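my questions concern the predicted model and sequence given below.
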Amino acid sequence: MNAPDETGAAGGVAAGTQSESSERLGLAAAYREGLGLAAVAVICGQAGIRISAAERGDASPFAAAESVQARWWCRRATEAARVAAAATARLRRRGSLDGGATPSTPALACVEAEASSAVLPACASVEAAAQRFNIVLRSDDEILDEAMDVVGRVDAEMQKLQNSGGLKSINKAYRRYRLEASGRGERILRYDEWMRKYRENLVRKLASTLRYV
């Protein structure tokens, strides 16, 4: 089935010109946003190592000059904030006792931070804080696996629509989008770009129905 416009792009469920890797990352981000997950991250910046929390499943909520060295996901923003605060306090106590790295460690100590002794205590502090409060931390890989399960469900439903001719309604939605975007003077996305965003939105909506209670 072809798209209803002059581009001639195929009207399937693929993300088009996006690489498979970036497509998966976009779908995983949509899944996190739908679930409302919050991040706890160990960050290296100009001020050194710090531990911070971020809301709404945002994978990159930090300054451009900062580098995320490790990240976990919590069910709720309050959980992430609690873990980050406790982990920071623990790290400061540890630094004051044994002279180890603290959140005020100079940025020079962050070079090759993945192998740096400044990062390892921060990661340990996050895990200890989560264990103390009985809060589950999920890794990026674990969330990606969960997201791909949801993507599989979305793709199966869209395949059923395609087999039954049900994609006509989606094609109509794309035509409507083109008219509205043109009227607003906005750049019009190609069909494959629009379809990728449409698919991400379906994943986001489905994930929202699975939110933790």
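Nice, I can see it. Numbers count the residues shown, from 1 in each chain.

what residues of stretch 22-42 count as buried?
For stretch 22-42, a neighbour-count test (16 or more other Cβ atoms under 10 Å) marks 23-42 as buried. Every residue, glycine included, has its C-beta placed from N, CA and C.

and stretch 75-82, by the same measure?
So, applying 16+ other Cβ under 10 Å, buried residues of stretch 75-82: R75, A77, E79, A80, A81, R82.

coming back round to it: go through the buried residues of stretch 22-42 and flag which are in helices.
23-35 (DSSP state H).

closest to R50 out of the residues you listed?
Distance to R50 across those (Cβ to Cβ) is lowest for R32, with 21.8 Å.

confirm for me that V154 is in contact with V203.
Yes: if you go by Cβ atoms under 8 Å, V154 and V203 touch, sitting 5.5 Å apart.

just give the nearest non-adjacent residue to E79, would you?
I135 (4.9 Å; Cβ to Cβ, 6 or more residues apart in numbering).

could you do A128 as well?
Closest to A128 by Cβ to Cβ, 6+ apart is R90, at 6.3 Å.

so which helix or strand takes in the one you found?
Per DSSP states H and E: R90 is located in helix 77-98.

buried ones in that helix?
For helix 77-98, the neighbour count (16+ other Cβ under 10 Å) marks 77, 79-84, 86-88, 90-91, 94-95 as buried.

likewise stretch 180-190?
Those would be I188, L189, for stretch 180-190 by 16+ other Cβ under 10 Å.

cool, and stretch 140-154?
Buried-residue list, stretch 140-154, by 16+ other Cβ under 10 Å: D140, I143, L144, E146, A147, V150, V151, V154.

helices of this structure, residue ranges please.
For the chain, the helices defined by DSSP H cover 20-35, 77-98, 119-132, 140-164, 168-183, 191-208.

could the buried residues of stretch 75-82 be laid out in JSON lines, adding distance to M158 and pLDDT?
Shown next, in JSON lines, are the buried residues of stretch 75-82 (distance: Cβ to Cβ, whole Å; pLDDT from 0 to 100):
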{"residue": "R75", "distance to M158": "28", "pLDDT": "91"}
{"residue": "A77", "distance to M158": "32", "pLDDT": "91"}
{"residue": "E79", "distance to M158": "34", "pLDDT": "95"}
{"residue": "A80", "distance to M158": "33", "pLDDT": "95"}
{"residue": "A81", "distance to M158": "37", "pLDDT": "95"}
{"residue": "R82", "distance to M158": "39", "pLDDT": "96"}
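
quick check, nearest of these to W194?
If you rank these by distance to W194 using Cβ to Cβ, A77 comes first, at 30.9 Å.

in CSV, list the C-alpha atoms belonging to stretch 162-180.
These are the backbone C-alpha positions of stretch 162-180, laid out as CSV (Å, rounded to 0.1, in the frame of the first residue of the first chain):
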residue,chain,number,x,y,z
GLN,A,162,-2.6,-3.3,7.0
ASN,A,163,-3.9,-6.8,6.1
SER,A,164,-7.5,-5.7,6.4
GLY,A,165,-7.1,-2.3,4.7
GLY,A,166,-7.4,-0.5,7.9
LEU,A,167,-4.4,1.7,7.2
LYS,A,168,-6.7,3.9,5.1
SER,A,169,-7.7,5.8,8.3
ILE,A,170,-4.0,6.4,9.0
ASN,A,171,-3.4,7.6,5.5
LYS,A,172,-6.2,10.1,5.9
ALA,A,173,-4.7,11.3,9.2
TYR,A,174,-1.4,11.9,7.3
ARG,A,175,-3.3,13.9,4.6
ARG,A,176,-5.0,16.0,7.3
TYR,A,177,-1.6,16.6,9.0
ARG,A,178,-0.1,17.8,5.7
LEU,A,179,-2.9,20.3,5.2
GLU,A,180,-2.7,21.6,8.7
